[in-house]
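Visitor: turn this into a structure:
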Amino acid sequence: MYITEQDLINARLAVTGMLQDSQIIGDLIDADETAKTDMQDGIDYYKGDHDILDREIKYWVDGIEYTDDNATNNQVVHPFLTYLIDQKSNYICGNPITFKSEDENDPVVELAETITDEYFDETMIEYIKGAGVKGYETLHPFINEKGEFDFVIIPAEQCILIYDSLYQRDLIYVIRYYEFEYIDTNKVKKTGYKVEWWDKYQVKYYVQKEDGGEYILDPNEPVNPRPHWIESMVVAGQPVEGTEKSGSWGKVPFIILKNNAEFQPDLKVLKPMIDDYDLNISEFSNNLEDIQEAYWVLKGYQGQNLNEFRTNLKKYRAIQVDEEGGVETQKVEIPKDPRDSHLDRLEENIFIFGRGLNPKTDVFGNSPSGVALRWLFTPMEIKCNGTMRSLTVAVKELVWFLAQYTKIKDGLDIDTSGLQVVFNKNLLINETETIDNVIKSKGTIDQETALANHPWVKNVDETIKKLAEENEARMELFDDQESQGGVQGSEQEGEEPGEVPDEKGSTEKTKTG
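Guide: Just a heads-up that it's a prediction; the model follows:
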């Protein structure tokens, strides 16, 4: 029999009454800061803060290490991670998420669509980015000061997740901690931590005492512990005293988007390759700056120093030497081909193991077929499918919280189990080929399927509605013409019969209609 670190944490939390909350909070924060090294690396590299920026040029004298402050030290950053993360998030959610259900009259679709605006679209992109950069990201649903349902991303680096010890699937606590500034008794500005301890029913607010001291319940919070939500009737923008209602979700109000089952950030497997690329390019840049393309060999030069030599050469295009003197140049060759080969291999591997699409790839020409494009996007599809499965669960959970809010607010009990989340991926396609295939499939597949695969259709339901309206308008026009004596041919009263060219190109009068 054995216990895990998670079991130990849960055991300590179970006997909180016998231990000081301050001790538990302090231990958890210390352990969490140590464990989040990979997360911080991902945050830094997404922002372009690579290890190469901390590089110093060293030299040794008698075994003692010194920093060479005069050495050329170019620090060239290559933000591959930024490109790959942005590519993934915009591939999945570059086009807005939509919803559907097998039941056409399922009210959950209309409910979900009430939150799909520009803020929702932008939040989903940042949600995916955060998970890729950090290993997971957290979304917090809440009822805002206006009494409306709302949600916001809480940075994962501020959150400690504590799951049940049996299956490690149910979230039982989230401890959020973040820095704040205060003025100590000596009027010196310092920083400490504020802490929020969330469970299924309430949140406790803690604040750290001066100079890294113990954690105490925050005296500035009027209700502490506090239920998940407190709302009041609002009149003229102000809450009405005595109308407060409070309650809890019955679930920890944090929705976790996992980058993968291991909570591993995308940088984990890429960092050594990106660092190698940065180092090689920086070294090459240093060499170009330090080693001139050609250097001068002087024999019998009559000047005083090399500065004078450079001045004479630049000003007079000539220099003075003695009878046996002379000047010649020697060219320095920098070994470029092996370095380029190594860098090309590194770049290729970064995109292979990062499962991204290299914009330099040009193996299919200017107009690749649909099959070629699907093959090209296969690695990204594999990576994004995992993210989309996690995001589907997260979005459905967000809609569950929205349904609970609707039940609280309006008394409506809406079942969210039938909701389907649709990702309209931002996929490059051969439009001409795709449209041609849709047309050829007419009569074999239904209209809805055909429209769903047409590259110009963004909203299938809206398009079907517009087509029906256009068809109805044409029928009304046809009925009007019928009621006026039938549809007229090309020969109208008072008009000459139409002209049709014969085989020789001449024309003859013909009757039509």
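
Visitor: longest helix anywhere in the chain?
Guide: Identified as the longest helix of the chain according to DSSP state H is helix 370-410.

Visitor: give the buried residues for the helix or strand just after that one.
Guide: Note on helix 370-410: by DSSP states H and E, the next helix or strand toward the C-terminus is strand 420-422. Neighbour-count burial for strand 420-422, counted by 16 or more other CB atoms under 10 Å, picks out Val421. C-beta here means a position set from N, CA and C on the backbone, and glycine is covered the same way.

Visitor: residues in contact with strand 420-422?
Guide: Strand 420-422 is contacted by residues 97-102, 391-392, 395-396 when judged by CB atoms under 8 Å, 6 or more residues apart in numbering.

Visitor: can you select the buried ones from the residues you listed in PyMOL?
Guide: Buried residues within those, by 16+ other CB under 10 Å, are selected in PyMOL with:
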select buried, resi 97+98+99+100+101+391+392+395+396
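
Visitor: picking that back up, other SSEs contacting the longest helix of the chain?
Guide: On a contact count with 3 or more CB pairs under 8 Å, 6 or more residues apart in numbering; DSSP states H and E, helix 370-410 meets helix 80-93, helix 107-113, helix 118-134, strand 136-143, strand 149-154, strand 255-258, strand 420-422, helix 431-440.

Visitor: can you tell me which of the ones you listed is nearest to Gln202?
Guide: For Gln202, the closest of the helices and strands packed on helix 370-410 is strand 136-143, at 13.5 Å, according to CB to CB.

Visitor: returning to what we had before: for Tyr45, which of the helices and strands packed on helix 370-410 is the nearest?
Guide: Per CB to CB, nearest to Tyr45 of the helices and strands packed on helix 370-410: helix 80-93, 4.6 Å.

Visitor: mean confidence score for the closest one?
Guide: Averaged over helix 80-93, pLDDT sits at 93.

Visitor: in that helix, what's buried?
Guide: For helix 80-93, by 16+ other CB under 10 Å, it's 80-89, 91-93.

Visitor: can you check what angle separates that helix from helix 370-410?
Guide: With axes from the mean of the first three to the mean of the last three CA atoms, to 10 degrees as the basis, helix 80-93 and helix 370-410 are set at 70 degrees to each other.

Visitor: got the contact list for helix 80-93?
Guide: Helix 80-93 has contacts (CB under 8 Å, 6+ apart) with 42, 45-48, 121, 124-126, 128-129, 132-133, 266-267, 270, 274, 277, 350-351, 354, 356-357, 380, 383-384, 387-388, 391, 423, 425-427.

Visitor: just the buried members of the residues you listed?
Guide: By 16+ other CB under 10 Å, the contacts of helix 80-93 give 42, 45-46, 124-125, 128-129, 132-133, 266-267, 270, 274, 277, 350-351, 354, 356-357, 380, 383-384, 387-388, 391, 423, 425 as buried.

Visitor: circling back: closest to Arg339 among the buried residues of helix 80-93?
Guide: Comparing those against Arg339 with CB to CB places Phe80 closest, at 17.8 Å.

Visitor: quickly check the contacts of strand 420-422 for the two that are furthest apart.
Guide: Glu102 and Leu391 (20.5 Å).

Visitor: circling back to that earlier point, now the buried residues of helix 80-93 as JSON lines including distance to Val195?
Guide: Compiled in JSON lines, those are given as follows (distance: CB to CB, whole Å):
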{"residue": "Phe80", "distance to Val195": "36"}
{"residue": "Leu81", "distance to Val195": "31"}
{"residue": "Thr82", "distance to Val195": "32"}
{"residue": "Tyr83", "distance to Val195": "36"}
{"residue": "Leu84", "distance to Val195": "34"}
{"residue": "Ile85", "distance to Val195": "29"}
{"residue": "Asp86", "distance to Val195": "33"}
{"residue": "Gln87", "distance to Val195": "36"}
{"residue": "Lys88", "distance to Val195": "33"}
{"residue": "Ser89", "distance to Val195": "30"}
{"residue": "Tyr91", "distance to Val195": "37"}
{"residue": "Ile92", "distance to Val195": "33"}
{"residue": "Cys93", "distance to Val195": "32"}
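
Visitor: closest one of the residues you listed to Asp410?
Guide: Distance to Asp410, by CB to CB, is smallest for Cys93 among these, at 29.3 Å.

Visitor: ok, Ile57 to Tyr91 distance?
Guide: 40 Å (CB to CB, to the nearest Å).

Visitor: the spatially most central residue of the chain and Gly192: what is the separation?
Guide: With distances taken as CA atoms, centre = their mean, Lys129 lies nearest the centre of the chain, 2.5 Å away. Computed as CB to CB, the Lys129 to Gly192 distance reads 29 Å.

Visitor: coming back round to it: sort the contacts of strand 420-422 by pLDDT and name the bottom one.
Guide: Within those, lowest confidence goes to Glu102 (88).

Visitor: confirm that that one sits in a helix.
Guide: No: per DSSP: H, G, I helix; E, B strand; the rest coil, Glu102 lies outside any helix segment and is coil.

Visitor: for the nearest residue to it once chain neighbours are set aside, give me the pLDDT.
Guide: Take Glu102 and drop its neighbours on the chain: the residue closest to it by CB to CB, 6 or more residues apart in numbering is Gly418, 6.3 Å away. Per-residue confidence (pLDDT) for Gly418: 93.

Visitor: need phi/psi at Gly418.
Guide: phi -90, psi 0 (degrees, to the nearest 10).

Visitor: correct me if wrong: it contacts Phe99.
Guide: No: using CB atoms under 8 Å as the test, Gly418 is too far from Phe99 to be in contact (10.3 Å).

Visitor: give the residues shared as contacts by these two.
Guide: Common neighbours of Gly418 and Phe99 (CB under 8 Å, 6+ apart) are Val108.

Visitor: give me the element Asp30 is part of.
Guide: Judged by DSSP H and E, Asp30 forms part of helix 21-35.

Visitor: CA atoms of that helix as PDB?
Guide: The C-alpha trace of helix 21-35 is given here as PDB (Å, rounded to 0.1, in the frame of the first residue of the first chain):
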ATOM      1  CA  ASP A  21      -5.000  27.000   7.600                       C
ATOM      2  CA  SER A  22      -1.900  29.300   7.300                       C
ATOM      3  CA  GLN A  23       0.500  26.300   7.400                       C
ATOM      4  CA  ILE A  24      -1.400  24.400   4.700                       C
ATOM      5  CA  ILE A  25      -1.700  27.500   2.500                       C
ATOM      6  CA  GLY A  26       2.000  28.300   2.800                       C
ATOM      7  CA  ASP A  27       3.100  24.700   2.100                       C
ATOM      8  CA  LEU A  28       0.800  24.400  -1.000                       C
ATOM      9  CA  ILE A  29       2.100  27.700  -2.400                       C
ATOM     10  CA  ASP A  30       5.700  26.800  -1.900                       C
ATOM     11  CA  ALA A  31       5.300  23.500  -3.500                       C
ATOM     12  CA  ASP A  32       3.200  24.900  -6.400                       C
ATOM     13  CA  GLU A  33       5.800  27.600  -7.300                       C
ATOM     14  CA  THR A  34       8.500  24.900  -7.500                       C
ATOM     15  CA  ALA A  35       6.300  22.600  -9.600                       C
END
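
Visitor: pLDDT averaged over that helix - what is it?
Guide: Helix 21-35 comes out at a mean pLDDT of 86.

Visitor: other SSEs contacting it?
Guide: By 3+ CB pairs under 8 Å, 6+ apart, helix 21-35 packs against helix 5-14, strand 159-163, strand 171-183, strand 189-198, strand 202-208, strand 215-217.

Visitor: domain-wise, how is the protein divided?
Guide: Domain assignment for the chain by automatic domain parsing gives 5-35+136-258, 79-133+267-289+337-428, 292-333, 429-485.

Visitor: and the ones you listed as TSV, adding distance to Ile64?
Guide: Listed next are those as TSV, based on distance: least, CB to CB, whole Å:
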stretch	distance to Ile64
domain 5-35+136-258	32
domain 79-133+267-289+337-428	23
domain 292-333	31
domain 429-485	63
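
Visitor: thank you, goodbye.
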